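>>> Prediction below, plus the sequence it came from.
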Amino acid sequence: MLFNSYEFIFFFLPISFFVYFFLNRKRLTTASKAWLVFASLFFYSWWNIAYLPLILVSILFNYTITSTMLEYDENKKNYFSKKALLQFALVFNIGLLIYFKYMDFFISNTNAVIGSEVPLLHLALPLAISFFTLQQIAFVVDSYEGLVEEKNFLDYVIFVTFFPQLIAGPIVHHAEMMPQFSSKWNMVKNYKNIATGLFVFSIGLFKKVVIADTFAIWATAGFDHAQTLNMLEAWATSLSYTFQLYFDFSGYTDMAIGAALLFNIKLPQNFNSPYKATGIIDFWKRWHMTLTNFITTYIYTPLVKSFDRLTFHKAMLATFITFLIAGLWHGASWMFVIFGALHGLGLVVNHYWKKYKIKMPVWLAWFITFNFVNITFVFFRALSIDDAFKVFKGMFSGDIVLYYKLEPALSFLSPFGVKFEDVFARIHGSNETFIYLVASFIIVLALKFNSFTLKATFTANKKEILFTVFAFTYSILLLNRVSEFLYFNF
Amino acid sequence: MKKFPKIVIFASLLILLIIGSFNYTIDPLWCFSHKNSFNQYQMGWNERQGKTNVINFQNFDYNALMLGTSRVTYINRHDIKEYKAFNYAVAKMRPSEYSDYTEYAKQKLGKEFDIIFLGIDFGSAEVSTDNEYTKHSEYKNTSESFLYRYKTLFSLDTIKYSAKNVSNYTFDKYKKRVQTYNRDLIVSSYPKSEGFINSDLSRYLTDVTRTYDEKYKQTLLEFKHNNPNTKFYVFTTPLTAPRFKSIMANSKNVEFYKRWLKETLEVFGEVNNFMTLNKVTNNYVNTYTGVSHFYPFVGTHIVNKVFGYPDNDPFYDDFGVRLTQDNFDEEFSKIITSLK
């Protein structure tokens, strides 16, 4: 079930919350944890119960391997070395991800290159496999490195399956999570956390339902349905997706953080006003921060350590490779590989820029960064290279079409090829599109606060009460859209 | 801090309860069966979803089904005297949709209908892109989704429809609407000025050559085959005279018209053809709300003619011809002659 659904908000979350703290009040702390596991697995199975066995197998496997590692004694006779266990675990986890997520991508590309006709497997992608695999890889690697002491099974299962972060992150690290699940202080209702949780959840719900889902209409129309786009439509399409992605993902993260806080669990920050970034390095310190931390620790660092003699250029190579992998992690498509490669290249350029101390005005740095991100998100969103180039063609060489009501005042532009029509017709847009874009630029650039800073400064004052009530109720009212039949009375 | 969650939850639930109560009272999505003054003039926001909601949520014990486009929605189901009919006609219904809608209604009824009253438009035999339309299964799934009718009570879109329906009653705006439904799904339409009707007609001064759907007859045959124990009462919907003439001015459309009538006749054995020049269609200023939608009182006479009920009004004596295989050629010639 989605966070932005009646089932979650009015049934699942309250029931999970009240039963959890009821059991804790009765000092049945093991039962309360078990309840949290049950609730989380129920949440996961709601999408499709067929996914459940896989996550359970993955959890059991990884826990068994790490337990064996933690009990490993070099002085005793062991059937497998610790390193062999690590390698086996990595092969299993990565193999699982490759099989379910990338097998058809691999097969179709092999068929295209060598002319074979191997049939595709058409495997259903298990929900959240990218997230729970990454989290467990981190746990396995850290267990190998001797960085893990905790091995309570229930805490481990909650760490992997905890429903607020299970489906779409933030990618949590065991070191920051498992102590929270075992802390007795967290088993008592904390009204500050409850209040803050409701506040942050409402912000996230508003971002997702009111802002992101509205942008989705124009982005989808532009990317997937329109045959051609005029210049303004193309820019509106790409910007709509750029804002949709941010408000959707950060909104979902806010809801995850808010929901987790109800249970006294603090999830890590995942976004920090990324569209204010003045460089690609800065961008990845603000965007999907937990992913950046993971790939730095578990991909980039081992890569640089593998070089005999590390130089700046080799570090840049490692950066590029890391982002190629990060791009592919997002999905089994060349579009994601291109996205990753471009960002890897962008990071490399930014590092060289810094190395040679090349200066530029802040506004220019921001302008370049934002447009780079906006353009690379076209690859991220487009279903094919043709769709991406359709948008680019519109952005950089499309017809210049202005709003038809401006024609009386601007008709002198007509000889220069400017047309006056319903500007956003092909993306089902209107004046509302323009208003949303302007408002979103103001929100992401001009406001000094974001949801994380609001959370940090939360005091439950009247303004915050009013805002929470407004954000929550307005979002609920937009959860269910009623579609009108366009050809009424035909 | 302790007060914050209590105030927020209480205030939010209170607002939602007020909104939900308002939407429940008006019920613009036709999920409930209660009637009151405020909900007696309903907008037809999406007949496909709305009428599917009626079938899904309300008592469904009908023995007759009415199908067709928006023109058929104007026909009062109570005009069919011996049967308890459900009007499942929806805007722009295609022949390819007849089976899906009928099967759903039969599933809810638990058996076949005794009769199906089917109004077919001239345009029904024209090639169309089926993916213009949402499949019936999506409406069905929406209606049958978990707590659908309660969730929609807390929707901003529902509030907008509720507000329109309330204004229909409170400010008499129903008189300006093209049509409104009452809680029995009976359509009312309000007198339109001659200027309004002629303005609508002016958009159709000429007609393009239409492409005949080669699958038309097969689609009807399959539909009939799926309802072996049901008697069909089939008619063609009438058009205003100027519109009919503009279509038939194109000789290719004459061939289209002939083929459409013939194939419909071959499938059903008998067709009541109202798409001719007659006193009703010639006097369109008084009988039509626009280019193709007749007033409900005209629909009453369509039913009378189709079912053979007594109809002594001389204004309707040339309204509708019962076509059979035996008289088709003769009646078709008369139609062509009347157009000259």
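Yep, that arrived. Residues are numbered from 1 along each chain as shown, chains lettered A, B, ... in the order given.
>>> Residue B:233 falls within a helix, correct?
No. Assigned with DSSP: H, G, I helix; E, B strand; the rest coil, residue B:233 falls outside any helix and is strand.
>>> Residue B:114 is in contact with that one, correct?
No. Residue B:233 lies out of contact with residue B:114 (C-beta atoms under 8 Å); the separation is 10.8 Å. The way it works is simple: take the backbone N, C-alpha and C, and place the C-beta from them, glycine included.
>>> more crowded one of the two?
residue B:233 (20 against 16; other C-beta atoms under 10 Å in any protein chain shown).
>>> That one and residue A:334, how far apart?
58 Å (C-beta to C-beta, to the nearest Å).
>>> and what of residue A:370?
Distance of residue A:370 to residue A:334, given as C-beta to C-beta: 25 Å.
>>> neighbour-wise, which of these two wins?
The neighbour count for residue A:370 versus residue A:334, taken as other C-beta under 10 Å, is higher for residue A:370 (21 against 16).
>>> what's the longest helix in chain B?
The single longest helix within chain B, with elements called by DSSP state H, is helix B:3-26.
>>> actually chain A, not the one I wrote
Ordering each helix of chain A by length in residues (DSSP H) puts helix A:231-262 first.
>>> In that helix, which of the residues would be classed as buried?
Within helix A:231-262, the residues scored as buried using 16 or more other C-beta atoms under 10 Å in any protein chain shown are A:231-262.
>>> how far does stretch A:357-377 sit from the chain's center?
The chain centre lies 22 Å from the centre of stretch A:357-377; the measure is C-alpha atoms, centre = their mean, to the nearest Å.
>>> Name the SS class of whichever residue of the stretch 101-250 of chain A sits closest to chain B, please.
The stretch 101-250 of chain A approaches chain B most closely through residue A:195 (3.8 Å), counting by C-beta to the nearest C-beta. Secondary structure, three-state DSSP: residue A:195 is helix.
>>> residues touching the closest residue to residue B:328 other than its chain neighbours, list them.
In space, and not counting its chain neighbours, residue B:328 is closest to residue B:265: 6.2 Å by C-beta to C-beta, 6 or more residues apart in numbering or on different chains. Residue B:265 makes contacts with B:271, B:323, B:324, B:325, B:328, as judged by C-beta atoms under 8 Å, 6 or more residues apart in numbering or on different chains.
>>> any idea how far residue A:406 is from residue A:400?
From residue A:406 over to residue A:400 the distance is 12 Å, taken as C-beta to C-beta.
>>> Let me fix that, I meant to ask about residue A:417.
Residue A:417 is 6 Å from residue A:400, by C-beta to C-beta.
>>> next one: residue A:383
27 Å.
>>> and the helix or strand bottoming out on mean pLDDT in chain B, C-alpha only, in CSV?
Using mean pLDDT, DSSP states H and E, helix B:194-201 stands out as the lowest-scoring helix or strand of chain B, at a mean of 82. What follows is helix B:194-201 as a C-alpha-only set of coordinates in CSV (Å, rounded to 0.1, in the frame of the first residue of the first chain):
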residue,chain,number,x,y,z
GLU,B,194,-34.1,28.6,-31.6
GLY,B,195,-30.9,30.6,-31.7
PHE,B,196,-29.1,28.1,-29.5
ILE,B,197,-30.2,25.1,-31.6
ASN,B,198,-29.3,26.8,-34.9
SER,B,199,-25.9,27.8,-33.4
ASP,B,200,-25.3,24.1,-32.7
LEU,B,201,-26.4,23.1,-36.1
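>>> Show me what counts as buried in it.
Buried residues in helix B:194-201, counted by 16+ other C-beta under 10 Å: B:197, B:200, B:201.
>>> Show the contacting residues for the second one.
This means residue B:200. If you count contacts by C-beta under 8 Å, 6+ apart, residue B:200 has them with B:290, B:291.
>>> and residue B:112, what element?
For residue B:112, there is no host helix or strand (DSSP states H and E).
>>> What about it, how many residues nearby?
Using other C-beta under 10 Å, residue B:112 is surrounded by 17 other residues.
>>> got the contact list for it?
For residue B:112, the contact set (C-beta under 8 Å, 6+ apart) comprises B:106, B:227, B:228, B:229, B:230.
>>> top of the residues you listed by neighbour count?
Going by other C-beta under 10 Å, residue B:227 tops these with 19 neighbours.
>>> and the stretch 101-250 of chain B, which of its residues are near chain A?
By C-beta under 8 Å from any C-beta of the partner chain, the residues of the stretch 101-250 of chain B that approach chain A are B:146-147, B:151-152, B:154-159, B:161, B:178-179.
>>> From those residues, which land in helices?
Of the positions in these, B:151, B:156, B:157, B:158, B:159, B:161 sit in helices, assigned by DSSP H.
>>> what's the farthest-apart pair in these?
B:151 and B:161 (14.8 Å; C-beta to C-beta).
>>> When these two are compared, which one has more neighbours?
Shown here are residue B:151 and residue B:161; by other C-beta under 10 Å, residue B:161 has more neighbours (23 against 19).
>>> So that one sits against residue B:43, correct?
Yes. Between residue B:161 and residue B:43 there is a contact under C-beta under 8 Å: 6.2 Å.
>>> Quick check: neighbours shared by the two?
residue B:28.
>>> Quick check: residue A:420 is in a helix.
No. Checked against three-state DSSP, residue A:420 lies outside a helix; its state is strand.
>>> where's the residue nearest to it when sequence neighbours are not counted, which helix or strand?
Nearest residue to residue A:420, sequence neighbours excluded (C-beta to C-beta, 6+ apart): residue A:407, at 3.9 Å. Per DSSP H and E, residue A:407 falls inside helix A:407-410.
>>> Many thanks, I have nothing further to ask.
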